[in-house]
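Student: Predicted model and sequence below, questions to follow.
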Amino acid sequence: MAGDYTESIELIKKGEEDPSGNKIINIFVKYNEFAIYEVEDSDINNRLKVLIDGHTPDKEDDLTKRFNKVKQNYIKAKGLLYRSSNFGMMKNRIAHLLSTIFTTEDPNYDGNDEFEKLIIEIKTEYSKSVKHRLFYLLPSIIISVFFGFYMYSKYPDWYKNKIELWELLCVVSGALIGGTMSIIFRIGKNNFEEHLNVWYYFFIGIERITLSIFAAAIAFAGVKSGILFGNIDNKGYWTILTISIVAGFSEALIPGLLTKVSNGKEEV
């Protein structure tokens, strides 16, 4: 009956160690004669574990045979988990699909078709995620490239003639560099939902790079007014460019950080 665990299955508890000495951090399925759980491991492929312990040799042999029939697809699906943006959901689906295979009374059901569908789904999800990442990054790349060529073409006249607009161009350039670096560094931490349209992420990318430009503009205004780094004598183009890059890199945190650093230096 349910809850009539074998000795090994009874010991499978969250926070405890499994028979191999791995710390158990999550239990997906715990039934009388098998358990599917997650252990603490830096490698995603090694986190999902299966323990079979039948009440009788025949029952354990039956469960082992069921597992062996689907083992290759199970390993393949588990190996693709690192690609999934919905890691938590996918590992639950793998665990419960395997549980269905162990508990089904249909002799013709081995679960391979379902595992193959799940593998295709993970691959499709990953493909869409890569495309979404590209479209998220695309606006900053396009704007940066075109603006870079524009700056290069205007540099000889504007810089040599000390035209004030050159400072503003330095601000925008710094914001684009900082914003693009920020997007690249943090892109792996973002969750790109596969069901959303690619243009959604394109416009989110535009929004992100626009915020970087505004942050750099605020920092520039602070420097010119003397509120930020009023003790810095050299406020030339390279100084403005550097501050704009830093502000564009973290539009939410850097302006406040600049204020603190500025105040700290002025007190010295």
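Tutor: Okay, I see it. Residues are numbered from 1 along each chain as shown.

Student: Only alpha carbons, please: show stretch 202-213 as CSV.
Tutor: Taking C-alpha atoms only, stretch 202-213 is exported to CSV below (Å, rounded to 0.1, in the frame of the first residue of the first chain):
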residue,chain,number,x,y,z
PHE,A,202,13.8,43.2,-29.7
PHE,A,203,11.8,46.1,-28.2
ILE,A,204,12.9,45.1,-24.7
GLY,A,205,16.5,45.4,-26.0
ILE,A,206,15.7,48.9,-27.3
GLU,A,207,14.2,49.8,-23.9
ARG,A,208,17.4,48.6,-22.2
ILE,A,209,19.8,50.5,-24.4
THR,A,210,17.6,53.6,-24.1
LEU,A,211,17.7,53.4,-20.3
SER,A,212,21.5,53.3,-20.6
ILE,A,213,21.6,56.5,-22.6
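
Student: you'd agree residue 178 is up against residue 209?
Tutor: No - contact status for residue 178 versus residue 209: not in contact, 9.8 Å apart, counting by CB atoms under 8 Å. C-beta coordinates here come from the backbone N, C-alpha and C atoms, glycine included.

Student: and the helix or strand hosting residue 246, which residues are buried?
Tutor: Take DSSP states H and E as the rule and residue 246 turns out to sit in helix 237-249. If you call a residue buried by 16 or more other CB atoms under 10 Å, then helix 237-249 has these buried ones: 237, 240, 241, 243, 244, 245, 246, 247, 248, 249.

Student: One more: stretch 139-158?
Tutor: For stretch 139-158, burial by neighbour count (16+ other CB under 10 Å) applies to 139, 140, 141, 143, 144, 151, 158.

Student: Ok, stretch 122-137 next?
Tutor: Of the residues in stretch 122-137, 122, 125, 126, 128, 129, 132, 133, 135, 136, 137 count as buried by neighbour count, 16+ other CB under 10 Å.

Student: Export it to CSV, keeping only CA atoms.
Tutor: The C-alpha trace of stretch 122-137 is given here as CSV (Å, rounded to 0.1, in the frame of the first residue of the first chain):
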residue,chain,number,x,y,z
ILE,A,122,13.6,21.0,-24.8
LYS,A,123,15.6,21.4,-28.0
THR,A,124,12.9,23.6,-29.6
GLU,A,125,12.7,25.7,-26.4
TYR,A,126,16.5,26.1,-26.5
SER,A,127,16.5,27.1,-30.1
LYS,A,128,13.8,29.8,-29.5
SER,A,129,15.7,31.0,-26.4
VAL,A,130,18.9,31.5,-28.5
LYS,A,131,16.8,33.4,-31.1
HIS,A,132,15.3,35.6,-28.3
ARG,A,133,18.7,36.3,-26.9
LEU,A,134,19.9,37.4,-30.3
PHE,A,135,16.9,39.8,-30.8
TYR,A,136,17.4,41.1,-27.3
LEU,A,137,21.0,42.0,-28.1
